[in-house]
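In: Need a 3D model of the following:
(chains A and B)
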2 protein chains.
Amino acid sequence: MRALDPEIADRLHPDEHGLVPVVVQSADTAEVLMLAWMDVEALRRTLASGQATYWSRSRGTYWVKGATSGNRQTVTEVLLDCDGDTILLRVEQTGPACHTGSRTCFSTLHDEPAAPDSLAQT
Amino acid sequence: MRALDPEIADRLHPDEHGLVPVVVQSADTAEVLMLAWMDVEALRRTLASGQATYWSRSRGTYWVKGATSGNRQTVTEVLLDCDGDTILLRVEQTGPACHTGSRTCFSTLHDEPAAPDSLAQT
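Out: Next up, the predicted model:
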């Protein structure tokens, strides 16, 4: 078993659960597809395989994105933020990213951009 | 003081600290600029003012992005993910998004895209 490059591991600053949030962006369209979580081992597996591999907080296991659905994410670039506590993954997404079948997990809160105060109420 | 629209508040599922991660994306270039955190009150302030307002976990206070530096984020769209536990904010960014002076907080782990296993070592 190969370890994660120590230089990369040194730059990572996981939270109290040993995790960092991972922003997943389409390499083709630049759409933000989803947010997932990695620990050092999930990052090691991702870098070693080129397939996005996350830690499931709800199931307490590693999961290779798309291992069941076929909707895999092939990693084209791995970026780290200035504090080392967030990863940005650029991926080639096969099929929809969201388990609901949507292309991305995100949808607009309201159809129309809000004027100030229109979304707050008494 | 106006409350957050209850329909929006109902869809939000903050973590055990009352926070959700916020992915911040440039409305112009689609670049992912940074990741920050909001609680319900920060989201309410953001929607009411149109200026990105976050919760600082290190300082334990709200902060209007750019209030000190002038590098503000004017919100053009607010999106929520399928689980209600991540926000995606599209913004018009004034100046650099990163406190280091860089346009975004993210930089590539390695200059060259990795071949499988090239980033793991014995």
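
In: State the distance from A:Thr100 to B:Gly84.
Out: 12 Å (Cβ to Cβ, to the nearest Å). Every residue, glycine included, has its C-beta placed from N, CA and C.

In: Check A:Lys65 too.
Out: 20 Å.

In: From the contact counts, what lies against the top helix by length along chain A?
Out: Longest helix in chain A, counting residues (DSSP state H): helix A:40-49. Packing partners of helix A:40-49 (3 or more Cβ pairs under 8 Å, 6 or more residues apart in numbering or on different chains; DSSP states H and E): strand A:3-4, helix A:6-11, strand A:53-56, strand A:61-64, strand A:73-81, strand B:120-121.

In: try 7 Å
Out: Judged by 3 or more Cβ pairs under 7 Å, 6 or more residues apart in numbering or on different chains; DSSP states H and E, the packing partners of helix A:40-49 are strand A:3-4, strand A:53-56, strand B:120-121.

In: Tell me which of the ones you listed is the most buried.
Out: With neighbours taken as mean count of other Cβ atoms under 10 Å in any protein chain shown, the helices and strands packed on helix A:40-49 reach their highest mean count in strand A:53-56, at a mean of 21.

In: pull the CA atoms of it into CSV?
Out: Provided in CSV are the C-alpha atoms of strand A:53-56 (Å, rounded to 0.1, in the frame of the first residue of the first chain):
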residue,chain,number,x,y,z
THR,A,53,-13.3,8.5,-4.1
TYR,A,54,-15.0,10.0,-1.1
TRP,A,55,-15.7,9.3,2.5
SER,A,56,-19.5,8.9,3.2
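
In: partner strands of that strand, parallel or antiparallel?
Out: strand A:61-64 (antiparallel) (DSSP bridges).

In: mean confidence score for the helix or strand harbouring A:Val24?
Out: According to DSSP states H and E, A:Val24 maps onto strand A:20-26. Averaging pLDDT along strand A:20-26 gives 98.

In: Which positions in that strand come out as buried?
Out: Residues of strand A:20-26 classed as buried: A:Val20, A:Pro21, A:Val22, A:Val23, A:Val24, A:Gln25, A:Ser26 (neighbour count, 16 or more other Cβ atoms under 10 Å in any protein chain shown).

In: filter those residues by proximity to chain B?
Out: A:Pro21, A:Val23, A:Gln25 (Cβ under 7 Å from any Cβ of the partner chain).

In: Of the residues you listed, which is the nearest to B:Ala42?
Out: A:Pro21 (16.7 Å; Cβ to Cβ).

In: ok, that closest one - contacts?
Out: By Cβ atoms under 7 Å, 6 or more residues apart in numbering or on different chains, the contact set of A:Pro21 is A:Leu35, A:Trp37, A:Thr86, B:Pro21, B:Leu35.

In: try it again with 8 Å
Out: A:Leu35, A:Ala36, A:Trp37, A:Asp85, A:Thr86, A:Ile87, B:Pro21, B:Leu35 (Cβ atoms under 8 Å, 6 or more residues apart in numbering or on different chains).

In: Selection in ChimeraX covering whichever of the residues you listed are buried, please.
Out: The ChimeraX command for the buried members of the contacts of A:Pro21 (criterion: 16+ other Cβ under 10 Å) is given here:
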select /A:35,36,37,85,86,87 /B:21,35
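
In: Could you tell me which of the contacts of A:Pro21 belong to strands?
Out: A:Leu35, A:Ala36, A:Trp37, A:Ile87, B:Pro21, B:Leu35 (DSSP state E).

In: Of the residues you listed, which is the nearest to A:Ala9?
Out: Closest approach between the ones in strands among the contacts of A:Pro21 and A:Ala9, by Cβ to Cβ: A:Ile87, at 12.7 Å.
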